[in-house]
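Chemist: Using only what follows, build the 3D model:
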Amino acid sequence: MSEKQFEGRSAIVTGGTRGIGKAIVLELARRGCNVAFNYSKSADEAEALKAEVEKLGVKAIAAQCDVASTEAAAEFAKNVATEFGTIDYLVNNAGITRDQLMLRMKEEDWDSVIDTNLKGAWNFSKAVLRPMMKNENGASILNITSISGVVGMLGQTNYSASKAGMIGLTKAMAKEVASRKITVNALALGLIETDMAAEMNEEYREKILANIPLGRLGNVDEVAQIACFLLSPAAAYITGEVLQADGGVAI
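Modeler: Take a look at the predicted model:
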């Protein structure tokens with residue numbers, strides 16, 4: 001891997017201020033990529049990350065944007081294309097959970113998860129396609145999905161449906177844009193060490209670990225490395241694929 005393999009390229013990472021999204025933003029920046037990312041609440045976190053990215057010698061854009069809004073996503077992408085001159089990569093990472101058994105799940109919990117996770121990915125993908133089609137060297141879209149969308153999870157009908165929808169979106173879109181040298185892939189994650197995972201009580205954590213063949217949770221830096229591979233020229237002949245990084249849970 002060239003140290004600056006993404007030099008002169010530009011990326012959008014949704015939900016980029018924390019956890020997996022933040023790790024991907026920083027890894028792209030280390031590899032020479034200009035990076036734009038959105039945030040929903042914490043402007044302070046976003047500005048701190050923007051400064052961290054710029055210290056790596058690349059450009060950064062941080063802006064508040066509701067991924068569930070088609071208009072907001074289009075405006076965000078337009079501003080990035082103007083500022084950076086190109087959009088080469090999109091990582092649809094923004095996602096939320098509202099877990100509950102289906103009989104107890106409220107309609108708004110279903111709607112908010114579908115709107116953020118699935119519609120958000122559609123909104124941003126649609127917004128970047130025209131700029132990406134102008135790239136002579138092609139472009140790449142990566143959808144961060146979950147094994148919940150592969151095998152289904154108890155208490156996650158909304159989340160599992162949204163993540164399964166992202167897999168269908170990945171495959172259909174890959175067929176539509178392949179002729180323009182744009183690849184579209186999905187990364188289906190198992191349980192990763194994030195703030196949310198850190199809040200698990202020890203008993204529940206042990207139950208989770210017992211079901212992971214590799215015997216541990218993944219970490220965000222591993223995810224970032226895999227994401228950068230799928231975006232890179234090394235993966236230029238891979239499209240429409242769902243790569244599972246779950247420690248073996250869904251074997």
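Chemist: Please pull out the lowest mean pLDDT helix or strand from the protein.
Modeler: Lowest on mean pLDDT, DSSP states H and E among the helices and strands of the chain sits helix 195-198, with a mean of 76.
Chemist: next structured bit after that helix?
Modeler: Next along the chain after helix 195-198, taking DSSP states H and E as the criterion, comes helix 202-210.
Chemist: which other residues reach that following helix?
Modeler: Contact partners of helix 202-210, identified using C-beta atoms under 8 Å, 6 or more residues apart in numbering, comprise 191, 200, 215-217. All C-beta atoms are positioned from the backbone trio N, CA, C, and that covers glycine.
Chemist: For that helix, the averaged confidence score.
Modeler: Helix 202-210 comes out with an average pLDDT of 87.
Chemist: Same check on stretch 220-233?
Modeler: Stretch 220-233 comes out at a mean pLDDT of 98.
Chemist: for that stretch, which positions count as buried?
Modeler: Neighbour-count burial for stretch 220-233, counted by 16 or more other C-beta atoms under 10 Å, picks out 220, 223-224, 226-228, 230-232.
Chemist: Just the pLDDT at the most centrally placed residue in the chain, thanks.
Modeler: Among the residues of the chain, the one closest to the centroid is Asn93, at 2.2 Å (C-alpha atoms, centre = their mean). Looking at Asn93, its pLDDT is 97.
Chemist: didn't it look like it was pressed against Val13?
Modeler: Yes - judged on C-beta atoms under 8 Å, Asn93 makes contact with Val13 at a distance of 5.8 Å.
Chemist: low-scoring stretches of the stretch 1-150 of the chain, by residue?
Modeler: For the stretch 1-150 of the chain, the stretches with pLDDT under 70 are 1-2.
Chemist: all helices for it, in order.
Modeler: With DSSP state H, counting those that start in this stretch as the criterion, the stretch 1-150 of the chain has helices at 19-30, 43-54, 70-84, 107-113, 120-133, 148-151.
Chemist: Equivalent analysis for the stretch 151-251 of the chain, please.
Modeler: For the stretch 151-251 of the chain, applying DSSP H, counting those that start in this stretch gives helices covering 157-177, 195-198, 202-210, 220-231.
Chemist: starting at the chain centroid, how far to the third one?
Modeler: Pointing back at helix 202-210 there. With C-alpha atoms, centre = their mean, to the nearest Å as the basis, helix 202-210 stands 26 Å off its chain's centre.
Chemist: Contacts for stretch 106-119, please.
Modeler: 67-68, 70, 94-98, 100, 157-159, 161-163, 165-166, 169.
Chemist: List the buried residues in that stretch.
Modeler: For stretch 106-119, the neighbour count (16+ other C-beta under 10 Å) marks 109-110, 112-119 as buried.
Chemist: Quick check: the two most widely separated of the residues you listed?
Modeler: Greatest spatial distance among the buried residues of stretch 106-119 (C-beta to C-beta): Asp109 and Lys119, at 15.1 Å.
Chemist: For ChimeraX, write the selection for the buried entries among the contacts of helix 202-210.
Modeler: Of the contacts of helix 202-210, the buried ones can be selected in ChimeraX as follows, counting by 16+ other C-beta under 10 Å:
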select :191,217
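Chemist: can you put the contacts of helix 202-210 in JSON lines and add distance to Ser179?
Modeler: Converted to JSON lines, the contacts of helix 202-210 look like this (distance: C-beta to C-beta, whole Å):
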{"residue": "Leu191", "distance to Ser179": "37"}
{"residue": "Met200", "distance to Ser179": "45"}
{"residue": "Gly215", "distance to Ser179": "43"}
{"residue": "Arg216", "distance to Ser179": "41"}
{"residue": "Leu217", "distance to Ser179": "39"}
